[in-house]
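Visitor: Coordinates for the following, if possible.
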Amino acid sequence: MAHMYTGPVEAALPTSLTPPRLAHLATLVAAGARAQRVTTTSPYTGAPLADLPVSTPDDVADAFDRARAAQAGWSATPVADRKRIMLRFHDLVLQRQEEALDLMQAESGKTRRDAFLEVSDIAITARYYARSARRLLSPRRRKGAVPVLTQTTELRHPKGVVTVVSPWNYPLSMAAGDAIPALMAGNAVVQKPDTQTALTALWALALMREAGLPADVWQMVVGRGGSIGDALMAGGDYMMFTGSTASGRRIARDAGERLIGASLELGGKNAMVVLADADVEKAAAGAVAACFPSAGQLCVSIERLYVADEIHDAFVTAFVEHTRAVRLGAAYDFSVDMGSLTTPSQLATVSSHVDDAVSKGATVLVGGKPRPDLGPLFYEPTILAGVTPEMTLFDHETFGPVVSVYRYRSVDEAVAMANATPYGLNASVWGRNGAQARQVARRLHAGTVNVNEAFAAAWGSVDAPMGGMGDSGLGRRHGADGLLKYTEAQTVAHQRLQGFTPPRGIEHEQWTRILTRAFKTLRALGVR
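Guide: The predicted structure follows:
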């Protein structure tokens, strides 16, 4: 392979990640003084990284008790004061970003450029909800049952304590990004980040407390879902989960049993459609950015690529060339394009999916093998052709740097193939004719669709909702929905002068005729 790389990094961590600093972050875990410990390792090297206390179900229950006690005062805190805290957090994230970048790389194995996208995301999200919360939470006048006589107001109350379960692949974006709107809505949060990347989540917690958030309002627990999952479900008033579809189904079932709400961002098998009029070079470069960020360990990255017959061969040639030029390696700077996978299990999944496809007749156009010479969990960016339905990766999420390329002969065929999946998280359409590309986008079964971009345009548009259709989940993050889902709507209707029963001296039969004439008059006047 012609990949350029820096070679394996030394086991020593960046100077910002000193043992005392990592140990201090570990003290923020809600766990008892005699808690068992778990050691995480760095994906770049396999060397030990963090020693974390493990929370028990009793620790989780205690965290919820303290969060519930703190939430009463937090919900009474004026939105303007919450805003000031959130904007201070925004500033601290940007000021201390070097430490965050080091942590994310050390825990996940991603490149510095991918880590910086998370810093950017959290700055945007914090600023948006800090400045939008007052408008979204303010009482709203609604049309009353009877014009003039009924004054109706919609109020918004926080749910109470929100449970957030966040994944390892985007440890800052998913941890802080879901907590921010919940906090701005007046809730307390008890969160379980994935153990592998808990330090990044704890770093965000430390900064939020430094910005002024009362300590018990946002708490972190660490442990396996099989051990503390029931306690997390039992303690919260709402569940925010990002993870696998299988786990999401169980959480939805349990939330339904408790009659609490849940928002679930789950798996995806995202498609990119390259139209016949697309700029081949731009689309090929865009495909690299779509398929291989964070080594493909991104819920909204592309795993299926459909290319118009007229440009298929030229596109594939350009795509392979761009992929061969990807700089693969480990470095705590901006010198590489793609980093490591995060866990041994993820490497095993990627390898098994590719090996299965090749054994059944798929062709490897580039990549297709691990790179132990770079580190224990590296895998080359991989393009496959000739993928067929009997191959596992045809319709199962790989969650790695692997994409399959298909040819299509009509737009209808491309749309049908792109939609032939139970998932519906993200999609991408490329073409010179923007109006035509947007028409195709509207036909795709996905919660977000990007035109001439992979995923960042929709994800970064935080004023618009983001989430999945079908097996990709329920609910939305971002936009008004991303905050209001953490609230309960209450309607207060004040009836004045005349109610809905007949006035004294008027019989019911006469009253019904009066009301009928009134309804007809309102209809004629166009009143809703």
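
Visitor: next structured bit after whichever strand or helix holds Leu117?
Guide: Element membership of Leu117 [criterion: DSSP states H and E] is helix 112-137. Later in the chain than helix 112-137, the nearest helix or strand by DSSP H and E is strand 140-142.

Visitor: Residues touching that next one, excluding its own?
Guide: 151-154, 491 (CB atoms under 8 Å, 6 or more residues apart in numbering). Bear in mind the C-beta positions are built from the backbone N, C-alpha and C, glycine included.

Visitor: do stretch 67-75 as well
Guide: Under CB under 8 Å, 6+ apart, the answer for stretch 67-75 is 82, 157-158, 160-161, 183, 186-190, 214-217, 219.

Visitor: Weed out the non-buried ones from those.
Guide: Taking 16 or more other CB atoms under 10 Å as the criterion, what is buried in these is 82, 158, 160-161, 183, 186-190, 216-217, 219.

Visitor: Strands - which of those residues land there?
Guide: Secondary structure from DSSP state E places 158, 161, 188-190, 219 of these in strands.

Visitor: tell me which of these is nearest to Ser227?
Guide: Val190 (15.1 Å; CB to CB).

Visitor: hang on, the earlier thing: which residue in the contacts of stretch 67-75 has the weakest pLDDT?
Guide: Of all the contacts of stretch 67-75, Ala215 carries the smallest pLDDT score, 93.

Visitor: Tell me the one of the contacts of stretch 67-75 nearest Val38?
Guide: Gln219 (18.1 Å).

Visitor: Run through the strands of the stretch 401-528 of the chain in chain order.
Guide: Along the stretch 401-528 of the chain, the segments classed as strands by DSSP state E, counting those that start in this stretch run 402-408, 426-430, 448-451, 473-474, 487-495.

Visitor: Against which helices or strands is the helix holding Leu117 packed?
Guide: helix 79-95, helix 97-108, helix 173-184, helix 456-460, helix 479-484 (3 or more CB pairs under 8 Å, 6 or more residues apart in numbering; DSSP states H and E).

Visitor: among those, which is nearest Ser351?
Guide: helix 97-108 (18.9 Å).

Visitor: Next, the buried residues of the closest one.
Guide: 97, 99-108.

Visitor: Then stretch 332-349?
Guide: Under 16+ other CB under 10 Å, the buried positions of stretch 332-349 are 332, 336-343, 346-347, 349.

Visitor: And stretch 370-384, by the same measure?
Guide: For stretch 370-384, using 16+ other CB under 10 Å, the buried residues are 370-371, 374-384.

Visitor: Closest one of these to Leu117?
Guide: Pro381 (17.7 Å).

Visitor: Looks like that closest one contacts Ala290 (just checking).
Guide: No - in this structure, Pro381 is not within contact of Ala290 by CB atoms under 8 Å, at 11.6 Å.

Visitor: Name the nearest residue to the residue nearest to the spatial centre of the chain, sequence neighbours excluded.
Guide: Centroid check for the chain by CA atoms, centre = their mean gives Met174 as the closest residue, at 5.4 Å. Counting by CB to CB, 6 or more residues apart in numbering, Met174 lies nearest to Ser166, which is 4.2 Å off, once chain neighbours are set aside.

Visitor: if I pick the one you found, what's in contact with it?
Guide: By CB under 8 Å, 6+ apart, Ser166 lies in contact with 174-175, 178, 191-194, 201, 242.

Visitor: let's see it at 7 Å
Guide: Residues in contact with Ser166 (CB atoms under 7 Å, 6 or more residues apart in numbering) are 174-175, 178, 191, 193-194, 201, 242.
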